[in-house]
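sequence below, structure please.
(4 chains)
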Number of protein chains: 4
Amino acid sequence: MTTRMTVSELEAYLDEVFPQLHIGGRTYFVEEVGLMTARMRCDYHEKHLRPGGTISGPTMMALADLALYAAILAQIGPVALAVTTSLNFNFLRKPGKAALIGEARLLKLGKRLAVGEVALFSQGEREMVAHATGTYSIPAER
Amino acid sequence: MTTRMTVSELEAYLDEVFPQLHIGGRTYFVEEVGLMTARMRCDYHEKHLRPGGTISGPTMMALADLALYAAILAQIGPVALAVTTSLNFNFLRKPGKAALIGEARLLKLGKRLAVGEVALFSQGEREMVAHATGTYSIPAER
Amino acid sequence: MTTRMTVSELEAYLDEVFPQLHIGGRTYFVEEVGLMTARMRCDYHEKHLRPGGTISGPTMMALADLALYAAILAQIGPVALAVTTSLNFNFLRKPGKAALIGEARLLKLGKRLAVGEVALFSQGEREMVAHATGTYSIPAER
Amino acid sequence: MTTRMTVSELEAYLDEVFPQLHIGGRTYFVEEVGLMTARMRCDYHEKHLRPGGTISGPTMMALADLALYAAILAQIGPVALAVTTSLNFNFLRKPGKAALIGEARLLKLGKRLAVGEVALFSQGEREMVAHATGTYSIPAER
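Sure, this is the predicted structure:
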């Protein structure tokens, strides 16, 4: 059993549907996809910072949503347009001056609904900086 | 009973602590603050768009978080640094080509914890496009 | 425009699908339904208490879920079996020795997904004791 | 590094603070505690059922909350009274006719705030039936 999209296919597709992510410099990258999983990275960049050198909440939220979306697309392919229906975040620690890693895992991939969780880490660190869960509606007509 | 910060004081403070929001053009504005409430606006701008003209999830999430944060600061003043501890979003409808309005209302403002909800609308429309709740930790040393 | 189920029809239906709620004594009642809204009550009863006289979290969570469910059924009728897909709770204050009221309001009633929020109060009090949002999957075959 | 409460100490403490859980028969048990973790079980019992033999949402929610609470108490001891401030649930599959297992893991245990996640399973099954995250306020005066 394999995924339906490779890392490079996923990146090309995300570029197409989320071009605004790259305004001011490309920082979001797909690192790896697997069975019901995806890992994405957001590079440390001025546009994501808050004073003090920590990374903004919206940057973390965007990364979590993207990583879950990538995990779903990797399983079902690019024809299906999944739509985020809900997201829940717990912010645990301030991320430091480093890239942010989002490790997404799908908990359910149904015909109409996908649910997953994401752990966010500062690159090279072991302590989670934020945790998210998300639900995605999958169109019937795929 | 009045708020401790005016709209212009709040905007100046948010500019200082969230300068990265304005990269590529200023689009987030405080419209009004009241007792346990705040209304913020995010102008329609290329940097917030997804293909098809709809506004991106992270833009909506940033607006909701900011509006709750503004509602808290308006009550407790700028000396206290509230930190977002959790956020929950339900995405209801695709926002159209218009500014986005976030109407925040605090449900609880305790000594250590504030909780609020936000309704997001496209400007001039009556149907909610997204709903959020958030919890914020308030430092003891204020 | 009216609801498809009356208060007494709803109560009869909830009795049928959630009989375990009434073990040890009937305490959950539908008080009112309206357009996209429902109000339910949970009477103060020994089985819902925690030491100190406050009402348990699971009792509040059950009331919130039921009130949202009732609001959905009132709109779409008893033929459709809606299933709770997610619930988010913020606990704001300890409820006192009184019945608990749940005021549910649907934020979206789509063909496949309903989303709503519930405010929980101690009967006769103005301050919210808990707030919940929920999403419900609606079967296609209705 | 060890936990501050054993399984039997935790059960005795939970009996004391949540006696209403056992009305109609004892079904909630602590199975194991570890560093930042706890596993609890809810036995299959008539009082938790819905028609069709599935286990009710409030039963799952109570188990998740209890398991997180047990994980916190195991770390900080029974003197501190942690209070649930928020809970988020995703319901993934209908649990079958079996005991329910809740595996809790703390993501953060700060001085004032604890955050954790719980995976719920039907005993002996590998697929998660529900996932929850929760935040708990920890009193300063311990």
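
contacts and neighbour counts: CA atoms only from here.
Fine.

and chain A, which residues reach chain D?
A:Asn88, A:Asn90, A:Leu92, A:Leu107, A:Lys108, A:Val115, A:Met128 (CA under 8 Å from any CA of the partner chain).

strand partners (parallel or antiparallel) of the helix or strand in which A:Ala132 is found?
Assigned by DSSP states H and E, A:Ala132 belongs to strand A:128-137. Using DSSP bridges, the strands paired with strand A:128-137 are strand A:83-91 (antiparallel), strand A:113-122 (antiparallel).

turn the ones you listed into CSV, columns for distance to C:Ile55.
Output for those, formatted as CSV (distance: least, CA to CA, whole Å):
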stretch, distance to C:Ile55
strand A:83-91, 26
strand A:113-122, 31
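
tell me the most buried of the ones you listed?
strand A:113-122 (a mean of 24; mean count of other CA atoms under 10 Å in any protein chain shown).

show the average pLDDT along it.
The average pLDDT within strand A:113-122 is 97.

tell me the SS of A:Arg4?
Going by DSSP: H, G, I helix; E, B strand; the rest coil, the secondary structure assigned to A:Arg4 is coil.

now, the most widely separated pair of the residues of chain A next to chain D?
The largest separation in the residues of chain A next to chain D, counting by CA to CA, is between A:Leu92 and A:Lys108 at 24.6 Å.

now tell me which helix or strand of chain A has the poorest mean pLDDT.
Every helix and strand of chain A was ranked by mean pLDDT, DSSP states H and E. The lowest is strand A:49-50, at a mean of 78.

centroid-nearest residue for chain A?
Ranked by distance to the mean C-alpha position of chain A (CA atoms, centre = their mean), the top residue is A:Ala67 at 1.8 Å.

residues in chain A within reach of chain C, list them.
Counting by CA under 8 Å from any CA, no residue of chain A is near chain C.

and the angle for the longest helix along chain A with helix B:57-76?
Of all segments of type helix in chain A, defined using DSSP state H, the longest is helix A:57-76. Angle between the axes of helix A:57-76 and helix B:57-76 is 150 degrees (criterion: axes from the mean of the first three to the mean of the last three CA atoms, to 10 degrees).

how about helix A:57-76: buried residues?
The neighbour-count check on helix A:57-76 (16 or more other CA atoms under 10 Å in any protein chain shown) flags A:57-76 as buried.

and it, is it in reach of chain B?
Yes - shown here: helix A:57-76 in contact with chain B (CA under 8 Å from any CA) through A:Gly57, A:Pro58, A:Thr59, A:Met61, A:Ala62.

kindly export the strand holding A:Ala132 (C-alpha atoms) in CSV.
Presented in CSV, the C-alpha positions along strand A:128-137 are these (Å, rounded to 0.1, in the frame of the first residue of the first chain):
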residue,chain,number,x,y,z
MET,A,128,6.3,19.8,21.3
VAL,A,129,5.5,23.5,20.9
ALA,A,130,1.9,23.1,19.8
HIS,A,131,-0.6,20.4,19.1
ALA,A,132,-3.6,20.5,16.7
THR,A,133,-6.4,18.4,15.6
GLY,A,134,-8.4,19.1,12.4
THR,A,135,-11.4,17.8,10.5
TYR,A,136,-11.8,18.0,6.7
SER,A,137,-14.8,17.5,4.6
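
and it, how far from the chain's centre?
9 Å (CA atoms, centre = their mean, to the nearest Å).

buried residues in that strand?
A:Met128, A:Val129, A:Ala130, A:His131, A:Ala132, A:Thr133, A:Gly134, A:Thr135, A:Tyr136, A:Ser137.

what is the mean pLDDT for it?
On average, strand A:128-137 scores 97.

which outside residues touch it?
For strand A:128-137, the surrounding residues in contact (CA atoms under 8 Å, 6 or more residues apart in numbering or on different chains) are A:60, A:64-65, A:68, A:82-95, A:112-122, D:107.

and which of the residues of helix A:57-76 next to chain B is nearest to C:Met36?
A:Met61 (30.6 Å).

wait, doesn't that closest one sit right on B:Met60?
No - A:Met61 is beyond contact range of B:Met60, at 10.7 Å (criterion: CA atoms under 8 Å).

need the contact list for the closest residue to A:Glu46 other than its chain neighbours.
Closest residue to A:Glu46 apart from its sequence neighbours, by CA to CA, 6 or more residues apart in numbering or on different chains: B:Gln20 at 7.8 Å. By CA under 8 Å, 6+ apart, the contact set of B:Gln20 is A:Glu46, A:Lys47, A:His48, A:Leu49, A:Arg50.

got the contact list for A:Arg112?
By CA under 8 Å, 6+ apart, the neighbours of A:Arg112 are A:Ser137, A:Ile138, A:Pro139, A:Ala140.

now A:Ser86
When contacts are counted by CA under 8 Å, 6+ apart, A:Ser86 touches A:Gly134, A:Thr135, A:Tyr136, B:Asn88, B:Phe89, B:Asn90, B:Phe91.

was I right to think the fourth one contacts A:Phe89?
Yes - at 6.2 Å, B:Asn88 counts as touching A:Phe89 under the criterion of CA under 8 Å.

re the thing from before, can I get the contacts of B:Gln20 in JSON lines with neighbour count?
Formatted as JSON lines, the contacts of B:Gln20 follow (neighbours: other CA atoms under 10 Å in any protein chain shown):
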{"residue": "A:Glu46", "neighbour count": "13"}
{"residue": "A:Lys47", "neighbour count": "19"}
{"residue": "A:His48", "neighbour count": "20"}
{"residue": "A:Leu49", "neighbour count": "20"}
{"residue": "A:Arg50", "neighbour count": "17"}
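
so which of the residues you listed comes closest to C:Ala12?
The nearest member of the contacts of B:Gln20 to C:Ala12, counting by CA to CA, is A:His48 at 54.1 Å.

okay, the closest one and chain C: tell me how far apart.
Going from A:His48 to chain C by CA to the nearest CA, to the nearest Å gives 28 Å.

same thing with A:Val118?
Look at A:Val118 and chain C: by CA to the nearest CA, they are 17 Å apart.

for that residue, which residues make a bridge with it?
Assessed by DSSP bridges, A:Val118 has beta-bridge partners A:Ala104, A:Ala132.

pull the contacting residues for it.
If you count contacts by CA under 8 Å, 6+ apart, A:Val118 has them with A:Ala64, A:Ala67, A:Leu68, A:Gly102, A:Glu103, A:Ala104, A:Arg105, A:His131, A:Ala132, A:Thr133.

format those residues as CSV; extra columns: distance to B:Arg4.
Shown next, in CSV, are the contacts of A:Val118 (distance: CA to CA, whole Å):
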residue, distance to B:Arg4
A:Ala64, 35
A:Ala67, 40
A:Leu68, 40
A:Gly102, 38
A:Glu103, 41
A:Ala104, 41
A:Arg105, 44
A:His131, 33
A:Ala132, 33
A:Thr133, 35
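
wait, isn't A:Asn90 in contact with A:Leu120?
No - using CA under 8 Å, A:Asn90 makes no contact with A:Leu120, being 10.3 Å away.

flag the shaky bits of chain A, pLDDT-wise.
The model of chain A has pLDDT under 70 over residues A:1, A:79-80, A:141-142.

find the nearest non-adjacent residue to A:Gly134, please.
A:Leu87 (4.3 Å).

residues contacting A:Thr2?
Here A:Thr2 is in contact with A:Gly34, A:Leu35 (criterion: CA under 8 Å, 6+ apart).

the least confident helix or strand of chain A pairs with which strands?
Using DSSP bridges, the strands paired with strand A:49-50 are strand A:54-55 (antiparallel).

residues touching the strand it pairs with, excluding its own?
Strand A:54-55 has contacts (CA under 8 Å, 6+ apart) with A:Tyr44, A:His48, A:Leu49, A:Lys94, A:Pro95, A:Gly96, A:Lys97.

mind checking which of those are in strands?
Per DSSP state E, strands hold the following members of the contacts of strand A:54-55: A:Leu49.

so which of the contacts of strand A:54-55 is surrounded by the most neighbours?
Highest neighbour count within the contacts of strand A:54-55, by other CA atoms under 10 Å in any protein chain shown: A:Pro95, with 24 neighbours.
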